[in-house]
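A.B. asks: Show me the folded form of this:
(chains A and B)
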Amino acid sequence: MIKAVIHIDAPRQQVYALLTDYPSYREWVPGCEQCNVVSSAGNSSDTQIVISSMKRIELGVRFEGQPGQSLNFRMVKGRDLKAYAGTYRLMDATDGKGTVVIAELEIDVGMMVPKFMVDRMTRKMMDDTGIAMRKYMQSARFPTAAALPEGTRVPHKEAKPRRARRILRVTKTDAGYKVWLLGETFTVKNPAA
Amino acid sequence: MSLLTTTKQSATVFDCDPSLLYDILTDYDTYAEWLPLIAQSKSLAKEGDLAIAEFELPPPQKEKFVIECIHTRNKMVLWRTIGGTIPISQVEWTIAPSGEGHSQVTLAVLGRVNWTSFVPRYRQFLNPSRCLKALQSQISTFLPEIALSSEEGEKILELSETDQGVVCWIRGKKYILKPDSEENHD
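C.D. replies: Next comes the predicted model:
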């Protein structure tokens, strides 16, 4: 399972809306030629996807979402790959500016291809998808978190109270000065002592 | 590509409660202050017992890497590296009470062998005993009596970071310092 973290400058609901707008995949997912919804029930959708990368791949993918939280997907039909499954998990960014997407993807090409090569290609694909998602989000269709009107923005979480801590202490003794700084003690000797 | 893995482990008993250790280990914005060979650190996202953080190594590497963190309050902090080429795949801090007011931390670092394993600077990264020593220094900033218990003499100057701001004591007088941006300037 290859993982990637994608920071998107848009609220979580909008990122989820983009990820579940399957026909729009053609417009932003690198190499996606076609993405048609075959059937849909509740938060589950079966799609027919054509990806043109090193070779043309056709596969049926089932998406199952938890609105605003996560989107799981797995191959249910297709001959070009043995397995294709993954998840997008969405979290509010700590700085209050958008969404952090944790993407996970597992691909089994089912041939005599070394795993490290498949993993490398998968990672590249995920990185490219992250870049494309960010770019597409910045387009006029999806306002960024910063451009949203006040009140619709995800509020910046209140920082929890911090424990008080000592930074510096200087003490004068007969022998000189003792300087305690962030856990370390230094001694400055008085030459006259 | 990783063909081999290695594990390094070390443990230390600290004079503090597990909650302080847990608070320090889950404060991803302050790791750069104390963890050796970390130039910058920031929390990207946090929800319940899961957090995502980004660390940056100092020059010349300056490499950024992302970690996925799973917490069990006052007991365990587990990191798994997501991005980057650092030769570490998992870091586990286990906290256990060790008598009244004491806690033991065991740090286990799971390494992966790749080309960075042969770069001296990377090899030093997340050395368990060094990290635990650094953690001791960080703890003593919250519990300075550990370091200062036997101290004699006249306290000339003391600076403490609190929620009110930085509290400064100079020869028995207290001053509260606020960040520059909060003051009115011409």
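A.B. asks: domain assignment for chain B?
C.D. replies: As given by automatic domain parsing, the domain ranges for chain B are B:5-147, B:153-182.
A.B. asks: Can you flag the weakest of those by average pLDDT?
C.D. replies: For the domains of chain B, mean pLDDT drops lowest on domain B:153-182, to a mean of 84.
A.B. asks: That domain: which residues count as buried?
C.D. replies: B:Ile156, B:Glu158, B:Leu159, B:Ser160, B:Glu161, B:Val167, B:Cys168 (16 or more other Cβ atoms under 10 Å in any protein chain shown). Using the backbone N, CA and C atoms, a C-beta is placed for each residue, glycine as well.
A.B. asks: Please name the strands paired to the helix or strand hosting the fourth one in the sheet, noting orientation.
C.D. replies: Using DSSP states H and E, B:Ser160 maps to strand B:154-162. Strand B:154-162 has the following sheet partners, assigned by DSSP bridges: strand A:165-173 (antiparallel), strand B:165-170 (antiparallel).
A.B. asks: Centre of the chain to that strand, how far?
C.D. replies: 23 Å (Cα atoms, centre = their mean, to the nearest Å).
A.B. asks: Which one of the strands paired with strand B:154-162 lies nearest to B:Trp93?
C.D. replies: Minimum separation from B:Trp93 across the strands paired with strand B:154-162 (Cβ to Cβ) falls at strand A:165-173, 19.6 Å.
A.B. asks: mind listing what's buried in that closest one?
C.D. replies: A:Arg165, A:Arg166, A:Ile167, A:Arg169, A:Val170, A:Thr171, A:Lys172.
A.B. asks: Apart from its neighbours in sequence, what residue is nearest B:Ser137?
C.D. replies: Leaving aside its chain neighbours, B:Ser137 sits nearest to A:Gly183 (3.1 Å; criterion: Cβ to Cβ, 6 or more residues apart in numbering or on different chains).
A.B. asks: okay, now the one you found: neighbour count?
C.D. replies: 23 (other Cβ atoms under 10 Å in any protein chain shown).
A.B. asks: residues in contact with it?
C.D. replies: Residues near A:Gly183 by Cβ atoms under 8 Å, 6 or more residues apart in numbering or on different chains: B:Gln136, B:Ser137, B:Gln138, B:Ile139, B:Ser140, B:Thr141, B:Ala147.
A.B. asks: Pull out the buried members of those residues.
C.D. replies: B:Gln136, B:Gln138, B:Ile139, B:Ser140, B:Thr141, B:Ala147.
A.B. asks: Can you tell me which of these end up in strands?
C.D. replies: With DSSP state E as the criterion, strands contain none of the buried ones among the contacts of A:Gly183.
A.B. asks: residues from chain B in reach of chain A?
C.D. replies: Residues of chain B found near chain A (Cβ under 8 Å from any Cβ of the partner chain) are B:1, B:20, B:23, B:33, B:42-47, B:50, B:52, B:66, B:68, B:82-83, B:136-142, B:144, B:147-148, B:151-163, B:166.
A.B. asks: give me that answer again for 7 Å
C.D. replies: Residues of chain B lying near chain A by Cβ under 7 Å from any Cβ of the partner chain: B:1, B:23, B:43-47, B:52, B:66, B:82-83, B:137-138, B:140-142, B:144, B:147-148, B:151-163.
A.B. asks: gap between the nearest residue to A:Gln69 once chain neighbours are set aside and B:Leu132?
C.D. replies: Counting by Cβ to Cβ, 6+ apart, A:Leu90 is the residue found nearest to A:Gln69 once chain neighbours are left out, at 6.3 Å. Separation of A:Leu90 from B:Leu132 (Cβ to Cβ, to the nearest Å): 35 Å.
A.B. asks: Can you pick out the residue with more neighbours from these two?
C.D. replies: Between A:Leu90 and B:Leu132, A:Leu90 has the larger neighbour count (other Cβ under 10 Å), namely 23 against 17.
A.B. asks: Let's verify that one: helix, strand, or coil?
C.D. replies: strand (DSSP: H, G, I helix; E, B strand; the rest coil).
A.B. asks: For it, name its beta-bridge partners.
C.D. replies: A:Val101.
A.B. asks: Which residue ranges of chain A form helices?
C.D. replies: A:12-19, A:25-28, A:115-137 (DSSP state H).
A.B. asks: would you list these in JSON lines and tack on mean neighbour count and distance to chain B?
C.D. replies: What follows is those, written out as JSON lines (neighbours: other Cβ atoms under 10 Å in any protein chain shown; distance: least, Cβ to the nearest Cβ, whole Å):
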{"stretch": "helix A:12-19", "mean neighbour count": "19", "distance to chain B": "10"}
{"stretch": "helix A:25-28", "mean neighbour count": "16", "distance to chain B": "21"}
{"stretch": "helix A:115-137", "mean neighbour count": "16", "distance to chain B": "4"}
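A.B. asks: wait, what's in contact with the residue nearest the centre of chain B?
C.D. replies: Taking Cα atoms, centre = their mean, the centroid of chain B lies closest to B:Tyr31, which sits 4.1 Å from it. Going by Cβ atoms under 7 Å, 6 or more residues apart in numbering or on different chains, B:Tyr31 touches B:Ile38, B:Ser41, B:Phe55.
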